[in-house]
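[1] Sequence first, then the predicted structure:
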Amino acid sequence: GWIQYEYLGPGAAANTGKYRITVRQYLNCNSNSNQRDADVYLGIFNGGSGQFLRSITIPRSSTETPEKTSFDPCLSNPPRVCFIIDVYTTTIDLDLIPAGYTLTVQRCCRISGIVNVAGNSADIGVSYSNTIPGTINGNSYAQNSSPVFTQRDTAIVCFNAPFQFDFAATDADGDRLEYVFCDGLVGGSTQGNNGARPNPPSGPPYESVNYASPLSGAEPMGFEVKINRQTGLITGRAPGTVGDYVVAVCALEFRGGVQIGSTRKEIHITVADCSLTAAELKPTYISCDGFTMNFQNESFAAVSSYAWDFGVKNSTLDTSSLPTPRFTYADTGVYTLKLKVRNAGGCQDSTTAEVRIFPGFVPAMNIMGSCVQNPYLFRDATTTQYGVVNSWRWEFGDPTTSADTTMRKDSSWKFSAPVVTSARLIVGNSKGCIDTVSQIFTVVDKPSLALAFRDTLICNIDTLPLRSLVNSGQVSWRVGNPANAARILNPNTTGPLVFPRDSTKYYVTVTDNGCINTDSVMVNVLPFISVQLPPDTTVCLTDTFRLRPNSQALSYRWTASTGTQVAAEKFPLVQPLQTTVYQVTANLGYCQAQGSVRVRTVEYPRALLGPDTAICLGRRISLPAQMTGSSFAWSPTNATVGANSLLLTVAPSRTTVYRFTVRDTLGCPKPVTDSLVLTVVPPQNIFAGRDTAVLVNQPLQLQATGAGDFVWTPNTGLNDPFVSNPIAILSGTPENITYTVRVTDPLSGCVGQDSIRVKVFVSEPEIFIPTAFTPNGDGKNDVLRPTTVGISVLNQFQVYNRWGRLLYSTTTLGQGWDGNFEGQAQPAGAYVFQAEGRDYTGKKVYRKGSFVLIR
């Protein structure tokens, strides 16, 4: 809402003015009657001190209901745009005081879910406020009427789409108006009706709305939405988030160059989930580095077809129907780009833009400077193939000020302190090309000066060049030792020659436009040098080591008696493969010295164990070893015999790594170790199968578990006694046979065995059922189960009581009835069974009878 006032003339009393005050309060058309106020409370405050003067109750005088009823046919999903504007008007007389007045109405609360308000917007109120001016610079402006905003609040705003919203106002006094975004104001609270409609309202100044970052009062809908300061027209691209946004605009009122007032209007603008089929392009496209351009429709509306014309005259090949086409122009120039779009409903739109193709624009800069005492020079080095470079904006990168800019082509800037910084140049040409180039540079406190070395050594018959590197300025060298003052050539260059007789320090000075830098080089002088090598030594054959001479020489040349190449360095790495004499020639300039050392090679001792092996748990094994050396040692030695011999006997309880270490005293002190892994294999867990019974000539499949080599004994009736699963066919002689299977692990020799007893029946296949059983839990005859001979499949075994009730049933061989039914022990007496199975030939065998349960 907002507050308007009109000056109607003098008031009834002397030195007073009559004003008509109008308060407009906006509500959504969906608001209920409880949300509308029959009256509002207007607070009047001193415009200077903010002191409360009085409160006036203003009844509602009228209601306006602006609503948008017609829509562009190309708008998809058009939102409802409708407001209730309650108008409250009164006339009052006010004393014409120099401070003027602040008029305020407060109301709580806003709607919930406002996008650009931080926190719960439903708990945040609003303040409508305006000021009646008093005396400014000795002139009274009390006889003033505030600007009146035009009622154009039904504009449609679709997400991610361009829009316009008019906040223009008129001024009855002809004052000049300027428009700016300003903060929405907080007022009222959620504490009861009086808190929601404070009477009187609180006094100024008023708290601003806490906006959700990065939005703010100055950018309430994002950086792409701007307001025209002269017209009050808001334009730009709406945010991508649908919802309500608090937008406040202040109309600044100027008379004779003096700002006399500011009228604030605050409303909620709804960004709707809608889209308008639109063709939208940038005003201008320019390529300054090539002939190829990429284009796209800048509108986010739903589009079904595109028609692009890239503006090449007398050509029909410069078109595309792609949403994001890429086009290469054949020549430089200015072209008119055209775009026509259409949606699925047939709505269409078109637009044009200018395309400028002028490649060959290369921005560049040069920066020169000596030190912080002098200005640094900034030169434009930009080149352009078309047009001329005609615009520049420099930012020199001085962190101490924001005034380090210029619009000139070339310029200079004096920095106040040394700094590592970056200069930036925004440069353009007459064809519209604009680009930016940056360069990091260092503002130094003195001229640059770098030395190749600061401390060196020469022979007293040598000449040494002193090397320095400078960017600019004059160089001079000074000799620190007066005795060698004349022993320097070219002292005012970056590379003088010196030939001192004894150690001397040399001082270098660089001077550049008043900037000075100094450094020094120490030259140590020797009359001669020597080279000392360690005494002759012995090394293990194939070992590498470094030769370490003791010398002040700076270069070394090595030779080996075997002809092997040796690196020309002070501490070369060598690997003699036989006894070798190494000789070195060391130089310090023209001073030279020599030395040599004899290195004898001795073979490593030898230690040899056999391959990894395995034993069965509980057994012993002897481990033989071979050696060349003077002493040996075994590890570990617990649970062993012969730890002092070359044949170690062991009986480990778990897998163990045995190590055999040999040492020698012939010159190679390094021990050599060999090892083997002795794997301890646990006993075989062999199972030959459950004891069973078969008929004469019935094939019996034997199946033993385990891994290794299998042997079955005796081999009577077996098709293969050396497999884990032989088949036995027995003739009945003998009637009982016991097979034993023996399994041997081939790696460890561990053996395991088990046996199975087989009873051979000479009768036909049969199902035997005991005539009685005693299920009393003593472990003897507790379960009634069928005994089968020659039966391969049990189809059923069932038990019934004398009344024919089924008490037990199974189809699994080896299972039986325990005398219980549904958890209850059955009484002693006679019961009936029936059993059916199939023999190994597939023939059915059926038996039925009775038995006695004895308790």
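    Perfect, I can see it now.
[2] how close does Thr406 get to Trp394?
    According to Cβ to Cβ, to the nearest Å, Thr406 stands 5 Å off from Trp394. Backbone N, C-alpha and C define where each C-beta goes, glycine included.
[3] Quick check on the spatially closest residue to Asn492 that is not a sequence neighbour: phi, psi?
    Once flanking residues are discounted, Asn492 sits nearest to Ser476: 5.2 Å by Cβ to Cβ, 6 or more residues apart in numbering. Phi and psi for Ser476, reported as degrees, to the nearest 10, are phi -140, psi 140.
[4] more crowded one of Thr406 and Trp394?
    Trp394 (22 against 16; other Cβ atoms under 10 Å).
[5] who's the more buried one bridged to?
    In this entry, Trp394 is beta-bridged to Thr406, Leu425, by DSSP bridges.
[6] surely it meets Leu425?
    Yes - Trp394 sits in contact with Leu425 when judged by Cβ atoms under 8 Å, with a separation of 5.7 Å.
[7] where along the stretch 101-250 of the chain do the helices fall?
    192-196 (DSSP state H, counting those that start in this stretch).
[8] how about low-confidence regions in the stretch 51-200 of the chain?
    191-194 (pLDDT under 70).
[9] What are the contacting residues of stretch 47-59?
    Contact with stretch 47-59 is made by 21, 23, 38-46, 88-90, 92, 97-102, 131-134, 199-201, 203-205, as judged by Cβ atoms under 8 Å, 6 or more residues apart in numbering.
[10] and the closest residue to Val334 other than its chain neighbours, how many neighbours?
    Among residues not flanking Val334 along the chain, Arg356 sits closest, at 5.3 Å (Cβ to Cβ, 6+ apart). By the criterion of other Cβ under 10 Å, Arg356 has 18 neighbours.
[11] Also Trp712?
    Neighbours around Trp712, by other Cβ under 10 Å: 23.
[12] in the helix or strand where it lies, what's buried?
    According to DSSP states H and E, Trp712 maps onto strand 709-713. Applying a neighbour-count criterion of 16 or more other Cβ atoms under 10 Å, one finds 710, 712 buried in strand 709-713.
[13] Also stretch 79-97?
    For stretch 79-97, by 16+ other Cβ under 10 Å, it's 79, 81, 83-90, 92, 94, 96-97.
[14] quick one: average confidence on stretch 655-672?
    Stretch 655-672 shows a mean pLDDT of 94.
[15] Compute the first-to-last residue distance for that stretch.
    Start-to-end span of stretch 655-672 (Cα to Cα, to the nearest Å) is 23 Å.
[16] ditto for stretch 811-830
    23 Å.
[17] what's it in contact with?
    By Cβ under 8 Å, 6+ apart, stretch 811-830 touches 773, 775, 782-786, 788, 791, 794-797, 799, 801-802, 807-808, 810, 850-855.
[18] are any of those residues buried, and which?
    By 16+ other Cβ under 10 Å, the contacts of stretch 811-830 give 773, 775, 784-786, 788, 791, 794, 797, 799, 801, 807-808, 810, 851, 853 as buried.
[19] Can you say which two of these are spatially most distant?
    Longest distance between any two of these is 25.7 Å, between Ile791 and Asn801; criterion Cβ to Cβ.
[20] Mind putting the buried residues of stretch 79-97 into CSV with distance to Arg546?
    Below are those laid out as CSV (distance: Cβ to Cβ, whole Å):
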residue, distance to Arg546
Pro79, 85
Val81, 89
Phe83, 92
Ile84, 95
Ile85, 95
Asp86, 97
Val87, 100
Tyr88, 99
Thr89, 103
Thr90, 104
Ile92, 104
Leu94, 102
Leu96, 103
Ile97, 99
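[21] Filter those down to just the ones in strands.
    Of the buried residues of stretch 79-97, the ones assigned to strands by DSSP state E are 83-90, 92, 94.
[22] ok, of these, which one's closest to Met365?
    Using Cβ to Cβ, Phe83 comes nearest to Met365 of those, at 55.6 Å.
[23] Test of understanding: give the bridge partners of that closest one.
    Under the criterion used (DSSP bridges), Phe83 bridges to Asn28.
[24] Check Cys591 too.
    Residues in beta-bridge contact with Cys591 (DSSP bridges): Leu588.
[25] Verify the stated contact: Ser630 with Thr665.
    Yes - Ser630 lies in contact with Thr665 (Cβ under 8 Å); the separation is 4.8 Å.
[26] Please name the residues that touch Gly240.
    159-160.
[27] Next, work out how far apart it and Arg663 are.
    Distance, Gly240 to Arg663, using Cβ to Cβ: 81 Å.
[28] go on, Ala483?
    62 Å.
[29] Pick out whichever of these two has more residues nearby.
    Arg663 (17 against 11).
[30] if I look at that one, how far off is Pro576?
    Applying Cβ to Cβ to Arg663 and Pro576 gives a distance of 22 Å.
[31] again, but for Thr649
    42 Å.
[32] Looking at these two, which one has more neighbours?
    Higher neighbour count among Thr649 and Pro576: Pro576, with 21 against 14, using other Cβ under 10 Å.
[33] where does that one land in three-state SS?
    coil (DSSP: H, G, I helix; E, B strand; the rest coil).
[34] Which residues are in contact with it?
    539, 560, 562, 564, 599, 601.
[35] Kindly list the main-chain dihedrals of Pro482?
    The phi/psi pair for Pro482 (degrees, to the nearest 10) is phi -60, psi -30.
[36] end to end, how far does stretch 720-736 reach?
    20 Å.
[37] Can you list the buried residues in it?
    Within stretch 720-736, the residues that qualify as buried are 721, 724, 726, 728, 730, counting by 16+ other Cβ under 10 Å.
[38] Stretch 149-160 now?
    149, 153, 156-160.
[39] now do stretch 310-320
    Result for stretch 310-320 [16+ other Cβ under 10 Å]: buried residues 310-312, 318, 320.
[40] which residues are in contact with it?
    Applying Cβ under 8 Å, 6+ apart, the external contacts of stretch 310-320 come out as 306-309, 327, 329-330, 335-338, 355.
[41] what's Thr16 in contact with, if anything?
    Per Cβ under 8 Å, 6+ apart, neighbours of Thr16: 10, 93-96.
[42] nope, Lys68 is what I was after
    81-82, 154, 156.
[43] Tell me the one of those nearest Lys226?
    Closest to Lys226, out of all of the contacts of Lys68 and judged by Cβ to Cβ, is Ile156, at 18.7 Å.
[44] I'd say that closest one and Ser76 touch.
    No - counting by Cβ under 8 Å, Ser76 is not a contact partner of Ile156; they are 11.5 Å apart.
[45] Now for the two: what residues contact both?
    In terms of Cβ under 8 Å, 6+ apart, Ile156 and Ser76 are both contacted by the residues Cys274.
[46] ok, back up a step: among the contacts of stretch 811-830, which are located in helices?
    Using DSSP state H, no member of these falls in helices.
[47] Can you point out the buried residues in stretch 686-697?
    Of all the residues in stretch 686-697, those buried under the rule 16+ other Cβ under 10 Å are 686, 688-689, 693-696.
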